[in-house]
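Engineer: task: produce atomic coordinates for the following.
(2 chains)
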Amino acid sequence: MAKGSGLLAKVQQLRAQVDSYEAGDVMGALDIQDSISDILEELSGKTGLERLASLIRHLLPLAQALSQSSLESQALTLLTELTEGLEQYVTGRLSGKAYGELIRKHEGELRRFTGRAPAPSGTRAETGTVSGAPPSPDHESAMTASAESGKVQEENPVEQPIAEPYPEDYFSAIIEDTKLLEQFYTEAQEHLEEAQATLVELEYDATNKELLNTIFRNFHTIKGSSAFLGLKNIEETAHAVEDLLAIVRDGKLILNKDLIDLIFRGMELLKNLLDTMLANDYQKTAMEASFRIINIYPYIRLFKKIKEQYSYKKIGEILAEEGKIQPEVLQKVLQKQRETDKKVGEILIEEKIAKPEDVVEALKKQNSLANRIKKSGIVKVSNEKLNTLIDIVGELVINQSMVKQELLNLQVSETTERSITQLESITTTIKNLVLSMGMVPIAEIFNKLRVVARNTAEELGKSVYLELRGEETELDRNVIETIYEPLMHLIRNSIDHGIEHAEERDRLGKNRLGRILLSAEHKGSGIEIVVQDDGKGIDTELVLKKAVEKGLVKRDEAGKLSQKDVYNLLFLPGFSTAKQVTSVSGRGVGLDVVKKNLDSIHGRVEVSSEVGKGTRFTIKLPLTLAIIEGFVTRVGDNKYVFPFSSIEEIKVIQQDELFRNDEESEAMIFHRGLHIPVLYAHRVFRETWQEPENRTMLSLLFSLDQSHYCVVVDELIGKQEIVVKSMSQTILQDCSFFSGGTIFGDGSIGFVVDMQGFLEALK
Amino acid sequence: MKKHILIADDSDVIRSIVEQTLRLYHYDSIITAIDGQDALEKARAHKNEIALYVFDVNMPKMDGISLVKEVRAFDASTPIIMLTTETDKAKMMTARDNGATGWIIKPFQGDKFIRVVEMYLKN
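Structural biologist: The predicted structure is shown next:
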């Protein structure tokens, strides 16, 4: 359904309810409250209508006062007057200015109900405090446009007074040709859709000329055709966005997240205006009335401000702005400049039009403006080259330490030894530098996830705000690629199963706007990513019931599971607690995919949840895949590297500690109150086994998915940083228990063990 | 402490519907009365302990409108909600004059009723 017509119908319904209200009718009072909330919901997030929403918010405390005998009659009188005014305003019979004045007139009375001034004159409005409706944080962030030179904080349009933004005849040129207007509507929608898709791509490839040209053309076309039809508001808005994009296209400004957000806002504003046309059946008078309540100027001012900041100003312009020279004089000087090929400044001084010091001052100013327009010093390198470089540097590190080893064995001179040390430090620097090149800020996928959250919420009819923290945290490019999908599933899952619908949240006394926190930060030698929602939490009873139904857990065992075990059931393939299958995440695919993807990059996921309060997924990841902390061992004739992160301790096993439940079963030891299976590494690696001489065996104690294992090896060599090199696919196919290979300082090679695969190979 | 909700209605059905609805939303401190006289006695006995009154209009022994007047004599501020039918409008005005806070038309939906209760308990 079209957006604008809904508003009018709702306002009319509210008016009817208020008119027929009788003192003491408690249900009627509730209906009025509901209608107001409904209108606020309709307006929430609508670009350009924030001010109207904040005015309507004043009605809510009035409606609430209807249930208090002492305030009732006064509240009803005021409510009647204000809803009547609202209806007239929405239908265009009352100007925005007049409606603002109406509210201002009753400011004192309104304060009695809200305990605060309604602030109609542009001071801080009580957004969010009176009705509990949240100020949209998304909105605030969009209002902050930042650039390399620092941040530009712009006033929030919500705080703008409701002065009539448009002159009397502003809309008079709109043509009365519904067919043409409809055609324009369709065309503009198509352009906006293309622009949106392009903008999403630009989030990852901010300097792509072709994309920039496409999106520029989108707004340019909308501007052009709207001008023909007399749709001045659409024209002005599209023009503002186009101007900003022109600066970006010319390379004077690099698109960053804030600018992209701002352009998104501009697109939403345009969509709103277009929807208004459709909602009013392209009828001129009706469209005009609806257009008048959408104020485009706060946004246009924002676009202009940024544009000004990044445009070069001419010396003459600067001087004219400061009143140092007259505009007419400037025109003459410019004429002269064209004839003589001299610089404006020179002419100004020669002709004694401006003082030399003023010209110098203006030049300085021009420079400081220009300095802000720094071009980013980024060079693009293909993935392939970068991967090869990382590979080669790995070899360099290995070779360097081999050379060092050999030379030191040869008892070389002191000078050679010094050179070797220096070579080593240079190599380390190169290694660190190259590894950091493979690191990208997680913002790259966070921004993509913002779009996912936006779309999912829309699809499900929920209001969700995704709060991002730690976007600057850097991660290995390959890790980033792998975690996108798990994070996407977690966020969709949170919106679908966690966050309640707005009405439900209202009833529970929660903020209507659901909140999901997505954060990343360095923890120890890895990275921790958190997806946390303030939704309904995980109902363990429900999870268990479902797990039993699906045969994932035996009925009699269900009671014995710890809370953590129950949460882990969510990650089993084919598990879904959704009562209905929804298109978003209710098919039981999702969380098992999360686990699978994380396993492949040595990551883990933990869940904590509180019913009614929300759920928190914590993902722990290694910083990079290229270099890991490994524990080197010898089994048979070869070296094997185990991932250090999952080793709990080193355990020396005495032969007589071993026991078996029966002949067939595997050997176990009893250690720290646990029965731990003993696994022989040589069986997996197909190495020959030498019976230990003194009846003792060396083993590493692993902890994986809350289970423990002892892995018996022949020799423990020690902990070491390992450069993981990929192995050929043919080897990996046969040996899924290896994640790669490595070359040691002495030139010998080793195999890096993948624990998951290792355990599977034993089965 | 004000914690009880006092419900007065001569109809067993209405009493139990209201009571069940309240319990469903975990309002467990409920006192019920079967007529106006019973309600007045219970209201006196639990003076200062009642957070909300819900009175039917037509009850034997003492009607809801008189009951409001009697209760207001010793409890001026606790909200009183009347349960009424569409045709009782004139009576409602009298009830309001006697000090009733508001009225709900029967039949009503459970969740709306609970919102009314919540609204008054919050105030």
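
Engineer: my guess is A:E235 is in a helix, correct?
Structural biologist: Yes - under DSSP: H, G, I helix; E, B strand; the rest coil, A:E235 sits within a helix.

Engineer: quick one: residues contacting it.
Structural biologist: A:K223, A:S226, A:A227 (Cβ atoms under 8 Å, 6 or more residues apart in numbering or on different chains). Bear in mind the C-beta positions are built from the backbone N, C-alpha and C, glycine included.

Engineer: ok, it to B:I65 distance?
Structural biologist: 65 Å (Cβ to Cβ, to the nearest Å).

Engineer: which bits of chain B sit near chain A?
Structural biologist: B:81-82, B:89, B:92, B:95-96, B:100-105, B:108, B:112, B:115-116, B:119-120, B:123 (Cβ under 8 Å from any Cβ of the partner chain).

Engineer: narrow the residues you listed to those in helices?
Structural biologist: B:K89, B:M92, B:A95, B:R96, B:K112, B:R115, B:V116, B:M119, B:Y120 (DSSP state H).

Engineer: distance of the residue in chain A positioned nearest to chain B from B:G102?
Structural biologist: Chain B sits closest to A:V26 of chain A, with a gap of 3.9 Å, by Cβ to the nearest Cβ. The gap separating A:V26 from B:G102 is 4 Å, by Cβ to Cβ.

Engineer: between these two, what contacts are shared?
Structural biologist: With Cβ under 8 Å, 6+ apart, A:V26 and B:G102 have common neighbours A:S67, B:I81, B:V116.

Engineer: which parts of chain B are strands?
Structural biologist: B:4-8, B:30-33, B:50-56, B:80-84, B:102-105 (DSSP state E).

Engineer: nearest to A:Q411, out of the ones you listed?
Structural biologist: Of all these, the one in closest proximity to A:Q411, counting by Cβ to Cβ, is strand B:50-56 (93.5 Å).

Engineer: just checking, what packs against the closest one?
Structural biologist: strand B:4-8, helix B:36-45, helix B:64-74, strand B:80-84, helix B:110-122 (3 or more Cβ pairs under 8 Å, 6 or more residues apart in numbering or on different chains; DSSP states H and E).

Engineer: okay, those, which one's buried deepest?
Structural biologist: strand B:80-84 (a mean of 25; mean count of other Cβ atoms under 10 Å in any protein chain shown).

Engineer: what strands line up against that one, and which way round?
Structural biologist: strand B:50-56 (parallel), strand B:102-105 (parallel) (DSSP bridges).

Engineer: looking at those strands, spot the one closest to A:Q335.
Structural biologist: strand B:102-105 (79.5 Å).

Engineer: pull the residues that contact the closest one.
Structural biologist: Contacts for strand B:102-105 (Cβ under 8 Å, 6+ apart): A:24-27, A:29, A:67, A:69, B:79, B:81-86, B:92, B:95, B:113, B:116.

Engineer: looking at the shared contacts of A:V26 and B:G102, which is nearest B:K47?
Structural biologist: B:I81 (18.8 Å).

Engineer: let me know the pLDDT of that closest one.
Structural biologist: At B:I81, the model reports a pLDDT of 92.

Engineer: again with A:L231
Structural biologist: Reading off the model, A:L231 has pLDDT 91.

Engineer: next, count neighbours for it.
Structural biologist: Neighbourhood size, A:L231 [other Cβ atoms under 10 Å in any protein chain shown]: 26.

Engineer: with adjacent residues omitted, what lies nearest to it?
Structural biologist: A:I174 (6.1 Å; Cβ to Cβ, 6 or more residues apart in numbering or on different chains).

Engineer: over to that neighbour. Which of the three states is it?
Structural biologist: coil.

Engineer: could you count how many residues lie near it?
Structural biologist: Neighbours of A:I174 under the rule other Cβ under 10 Å: 21.

Engineer: so it makes contact with A:M287?
Structural biologist: Yes - A:I174 is in contact with A:M287 according to Cβ atoms under 8 Å; the separation is 6.8 Å.

Engineer: right, and the residue of chain A closest to chain B touches A:S67 too?
Structural biologist: Yes - the criterion here is Cβ under 8 Å, and A:V26 meets it with A:S67 at 6.2 Å.

Engineer: list the residues that contact both of these two?
Structural biologist: In contact with both A:V26 and A:S67: B:G102, B:V116, B:M119, using Cβ under 8 Å, 6+ apart.

Engineer: what sits against the last one?
Structural biologist: Put plainly, it is B:M119. A:V26, A:L30, A:Q64, A:S67.

Engineer: state the pair within those that is farthest apart.
Structural biologist: For these, and using Cβ to Cβ, no pair is farther apart than A:V26 and A:Q64, which are 11.8 Å apart.

Engineer: so in chain A, which helix runs the longest?
Structural biologist: Longest helix in chain A, counting by DSSP H: helix A:383-409.

Engineer: counting contacts, what elements does that helix pack onto?
Structural biologist: helix A:414-437, strand A:715-723.

Engineer: which is the next helix or strand following the first one?
Structural biologist: So that's helix A:414-437. On the C-terminal side of helix A:414-437, the nearest following helix or strand under DSSP states H and E is strand A:439-441.

Engineer: each with direction, which strands does that next one pair with?
Structural biologist: strand A:474-476 (antiparallel).

Engineer: so how far is the strand it pairs with from its chain's centroid?
Structural biologist: 16 Å (Cα atoms, centre = their mean, to the nearest Å).

Engineer: next secondary structure after it?
Structural biologist: helix A:477-493.

Engineer: immediately after that following helix, which helix or strand?
Structural biologist: Next along the chain from helix A:477-493, counting by DSSP H and E, comes helix A:502-507.

Engineer: which of the residues in the helix or strand that comes right after that following helix are buried?
Structural biologist: Moving toward the C-terminus from helix A:502-507, the next helix or strand (DSSP H and E) is strand A:514-523. By neighbour count on 16 or more other Cβ atoms under 10 Å in any protein chain shown, the buried set for strand A:514-523 is A:G514, A:R515, A:I516, A:L517, A:L518, A:S519, A:A520.

Engineer: now stretch A:327-345
Structural biologist: A:V329, A:L330, A:V333, A:Q337, A:V344, A:G345.

Engineer: let me see the mean pLDDT of it.
Structural biologist: On average, stretch A:327-345 scores 76.

Engineer: which residues does it contact?
Structural biologist: Identification of contacts with stretch A:327-345 by Cβ under 8 Å, 6+ apart yields A:314-317, A:319-320, A:325, A:347-348, A:350-351, A:353, A:359, A:362-363.

Engineer: for that stretch, what is the distance to the chain centroid?
Structural biologist: With Cα atoms, centre = their mean as the basis, the mean position of stretch A:327-345 lies at 50 Å from the chain mean.
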